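**Q** starting from these lines, generate the structure:
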Amino acid sequence: MSENAPILLWLRRDLRLSDHPALKAACDTGRPVIPVFIHDAQVARLGAAPKFRLGLGVEHFAERLQGKDSRLILRRADKALDALEALIEETGATSVYWTRQYDPDAVERDSAIKQTLKDRGIDARSFGGHLMFEPWTVETKQGGYYKVYTPFWRAVKDRAVETPLDRPDSIRAPDTWPASDDLADWNMAGAMQRGADIVRPFVQLGEDAAQSRLGAFLAHKVEDYDTTRDLPGVDGTSCLSENLSLGEISAHQCWHAGQRALQEGKKGAETFLKELVWREFAYHLMHHTPRITHANWREEWDSFPWNEDERLAEVKAWKQGRTGVPFVDAAMREMYVTGRMHNRGRMIVASYLTKHLMCHWKIGQKWFEDCLIDWDPASNAMGWQWSAGSGPDATPYFRVFNPVTQLDKFDKNRDYAGRWIAEGHSDPHEDALKYFAAIPQRWNMAPDDEYPDAIVKPSAGRQRALDAYENRDF
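**A** Coordinates of the predicted model:
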């Protein structure tokens with residue numbers, strides 16, 4: 001293989017320079033490296049907020065590469081293989097490297113591409129880097145996969161995690177760069193409409209911002225993380241899901257930093273490590289049971305009579321944050337303004353939709369896919385099914401969160417509700433007002449509207465769910 005034949009580095013959800021195994025391997029060859037991002041059918045199918053955030057991430061990473069005297073080549077093609085083959089022809093590249101993805105569509109695409117390229121004599125290699133452990137490397141003593149989180153945690157908590165790799169000193173450029181699309185022509189923020197300008201200030205973009213976020217969390221917040229992570233009105237979480245979703249920081253980096261905090265005696269550090277492993281568990285399940293992304297993980301739930309009609313008035317009220325239940329509405333509005341939602345809020349809105357409103361978890365999964373800048377295929381799927389009771393490691397399906405008592409417990413002073421709900425307040429919080437600037441005008445909502453009565457009262461919704469569960473054979 002010629003030492004001057006370029007390597008195509010196909011970038012996806014790995015927008016960083018440090019701890020990047022595929023990039024490191026390519027640079028270590030001493031050959032020219034051509035970083036590439038492809039807008040294929042899977043990118044085209046992304047929801048509004050994830051696509052918007054991905055566009056920002058790609059733009060930022062392109063700037064980072066320029067600082068390394070490199071470039072990011074952009075190509076658009078319905079099939080990623082077509083773009084790669086065109087670039088191979090144009091550049092004389094003899095190798096294509098990429099970081100693995102694990103959702104079923106990506107696995108199918110990447111497997112076919114690897115085989116096709118190898119058949120053509122192209123050196124096609126996939127690398128880890130998105131996860132701490134490859135999903136197929138964690139097994140029970142019987143040789144199967146873990147279906148419950150706690151045993152999974154016990155199996156991996158003392159396992160060696162690879163030391164993060166340094167960023168390369170240099171990235172050798174090719175003699176001639178291939179042509180690149182203009183990112184602006186892709187209009188990645190188009191579906192966000194006027195909401196893009198509202199969400200943008202809440203984005204913490206890129207590798208340096210992610211590292212600063214991690215450092216600040218471990219320096220100032222992790223000590224009390226056991227408690228503060230459940231308080232939506234308190235800035236007590238790492239917020240790293242946004243950066244992890246696009247690989248602007250690696251799980252390896254977060255794990256080793258968390259371990260150092262644990263060794264320093266910071267008592268919340270183990271809980272942080274458990275949250276990182278919760279993410280790993282979601283990918284473990286998606287690898288072994290891909291149906292979790294689109295069907296009930298527990299097949300006995302297939303006959304459960306959830307409503308699947310998104311046109312239902314109750315579903316519309318849930319999406320708009322107009323259920324009349326403050327915890328639910330505050331969380332839904334937070335998501336629309338910031339592109340993220342506090343984890344306690346995610347549990348409450350998911351429970352309310354699937355249990356109080358008796359609506360299918362797929363409706364919520366789809367809405368989150370459209371609204372979250374930290375959207376992650378594995379975590380989103382597992383989170384919704386966990387809350388609905390149809391997934392693995394679920395709380396008992398008959399446990400129905402009361403969103404009123406949950407607010408009393410975790411937002412006693414109503415800091416969270418007050419920040420995100422404007423109606424009924426003479427001087428609403430500025431973030432509550434931003435919601436009305438972000439939403440579609442056709443929703444016809446205004447901050448001086450009357451706050452609605454609950455569309456389903458918590459006690460009535462709970463009883464309706466319990467009655468439905470009692471009549472099913474689980």
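**Q** list the contacts of the residue of the chain most remote from its centre.
**A** Distance from the C-alpha centroid of the chain peaks at Ser2, with 39.4 Å (Cα atoms, centre = their mean). Contacts for Ser2 (Cβ atoms under 8 Å, 6 or more residues apart in numbering) come out as Thr94. The C-beta positions use only the backbone N, C-alpha and C, and glycine is treated the same way.
**Q** for it, give its distance to Asp123.
**A** Computed as Cβ to Cβ, to the nearest Å, the Ser2 to Asp123 distance reads 12 Å.
**Q** between the two, which contacts overlap?
**A** With Cβ under 8 Å, 6+ apart, Ser2 and Asp123 have common neighbours Thr94.
**Q** now the nearest residue to Leu273 once chain neighbours are set aside: which helix or strand?
**A** The spatial neighbour of Leu273 that comes closest, neighbours along the chain excluded (Cβ to Cβ, 6 or more residues apart in numbering), is Gly258 at 4.8 Å. Element membership for Gly258 (DSSP states H and E) is helix 251-263.
**Q** helices or strands up against that helix?
**A** helix 206-220, helix 269-288 (3 or more Cβ pairs under 8 Å, 6 or more residues apart in numbering; DSSP states H and E).
**Q** ok, which of the ones you listed comes nearest Pro104?
**A** helix 269-288 (7.6 Å; Cβ to Cβ).
**Q** just how off-centre is the closest one within its chain?
**A** Per Cα atoms, centre = their mean, to the nearest Å, the displacement of helix 269-288 from the mean C-alpha position of its chain is 13 Å.
**Q** angle of it against helix 206-220?
**A** 140 degrees (axes from the mean of the first three to the mean of the last three Cα atoms, to 10 degrees).
**Q** where does the stretch 301-450 of the chain have low pLDDT?
**A** Counting by pLDDT under 70, the stretch 301-450 of the chain has low-confidence residues at 393-399.
**Q** can you give me the helices for it?
**A** 313-320, 326-338, 343-351, 361-371, 377-388, 403-410, 415-420, 430-438 (DSSP state H, counting those that start in this stretch).
**Q** what's the single longest strand in the chain?
**A** Scanning the chain for the longest strand, with DSSP state E as the assignment, gives strand 33-39.
**Q** chain center to it, what's the gap?
**A** The answer for strand 33-39 is 22 Å, by Cα atoms, centre = their mean.
**Q** please enumerate the strands of the stretch 51-200 of the chain.
**A** 73-76, 95-99, 123-127 (DSSP state E, counting those that start in this stretch).
**Q** can I get the ones you listed in CSV with distance to Asn243, mean neighbour count and mean pLDDT?
**A** What follows is these, written out as CSV (distance: least, Cβ to Cβ, whole Å; neighbours: other Cβ atoms under 10 Å; pLDDT from 0 to 100):
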stretch, distance to Asn243, mean neighbour count, mean pLDDT
strand 73-76, 21, 20, 98
strand 95-99, 15, 23, 98
strand 123-127, 19, 17, 98
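**Q** so which of these is nearest Ala196?
**A** Going by Cβ to Cβ, the one of the strands of the stretch 51-200 of the chain nearest Ala196 is strand 73-76, 19.7 Å.
**Q** coming back round to it: give me the contact list for whichever helix or strand comes after the longest strand of the chain.
**A** Counting by DSSP H and E, the next helix or strand C-terminal to strand 33-39 is helix 41-44. Applying Cβ under 8 Å, 6+ apart, the external contacts of helix 41-44 come out as Lys51, Leu54, Asp78, Lys79, Ala80, Asp105, Ala106, Arg109.
**Q** returning to what we had before: can you list the buried residues in the helix holding Gly258?
**A** By neighbour count with 16 or more other Cβ atoms under 10 Å, helix 251-263 contains the buried residues Ala251, His252, Gln253, Cys254, Trp255, His256, Ala257, Gly258, Ala261, Leu262.
**Q** for stretch 262-271, same thing?
**A** Leu262, Lys266, Gly268, Ala269, Glu270.
**Q** swap in stretch 197-205?
**A** Ile198, Val199, Arg200, Phe202, Val203, Leu205.
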